[in-house]
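# model this:
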Amino acid sequence: MKKREPVTHIMTKDVLTADLSKDDLHSVKNLIDKNKLRHVPITHNNKLVGIISKTDINRLTFSSLFEGQEQADEAVLDMLKIEHVMSNNPKVIDTETTIRDVADIFANEEFHSLPVVEGNNVVGIVTTTDVIRYMLEQY
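Numbering: from 1, shown residues only. Purely as a prediction, here's the structure:
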């Protein structure tokens, strides 16, 4: 097992993001559903300001639990703004962070994804699934 492998080896590089001033919760939900994402970094003026998870969106909606609730989902998504739902100032890592350090963060903190940044720019995202797949490749 390589002990100093950088996170760039396993991160998703083509990150889909939502913009705080241009997008709404409908567009975030559509981005998640269409692309089968679990986490969407939120930017403002190209700077990372938050993150929304699929779980965050699911907590707002009822149609997956009860038939005929699509209109209620739409109303909730219309009432709230991205900033009401996102986690502000998410923990981030840089491109030099090792996979081992990422695994340690996931094991000891309650994160399932970490945006990878250079300066204030999002250049990737790494998830617990990425780390597990990497570990499986080692065996």
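# tell me the helix or strand right after the helix or strand bottoming out on mean pLDDT in the chain.
Least confident helix or strand, the chain: helix 70-79 with a mean of 74, by mean pLDDT, DSSP states H and E. As assigned by DSSP states H and E, the chain's next helix or strand after helix 70-79 is helix 82-85.
# can you list contacts of that next one?
With contacts defined as C-beta atoms under 8 Å, 6 or more residues apart in numbering, helix 82-85 is touched by 18, 20, 23, 24, 25, 28, 42, 50, 52, 56, 57, 60. C-beta: built from backbone N, CA, C; applies to glycine.
# please list only the buried members of these.
Neighbour counting with 16 or more other C-beta atoms under 10 Å marks 18, 20, 23, 25, 28, 42, 50, 52, 56, 57, 60 as buried within the contacts of helix 82-85.
# mind jotting down where the strands sit in the protein?
In the chain, strands defined by DSSP state E lie at 18-19, 39-44, 47-53, 87-88, 93-94, 113-118, 121-127, listed in chain order.
# could you dump those to TSV with distance to residue 33?
Converted to TSV, those look like this (distance: least, C-beta to C-beta, whole Å):
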stretch	distance to residue 33
strand 18-19	13
strand 39-44	11
strand 47-53	13
strand 87-88	20
strand 93-94	27
strand 113-118	17
strand 121-127	18
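# so which of those strands gets nearest residue 103?
Set against residue 103 and scored by C-beta to C-beta, the strands of the chain come closest in strand 121-127, at 9.9 Å.
# flag every buried residue along the closest one.
Within strand 121-127, the residues that count as buried by 16+ other C-beta under 10 Å are 122, 124, 125, 126, 127.
# with pLDDT and distance to residue 9 added, can I get those in TSV?
Shown next, in TSV, are the buried residues of strand 121-127 (pLDDT from 0 to 100; distance: C-beta to C-beta, whole Å):
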residue	pLDDT	distance to residue 9
122	95	18
124	97	11
125	98	14
126	98	10
127	97	14
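# on that earlier part again, and the two most separated of the contacts of helix 82-85?
Greatest spacing in the contacts of helix 82-85, by C-beta to C-beta: 20 and 60 (17.3 Å).
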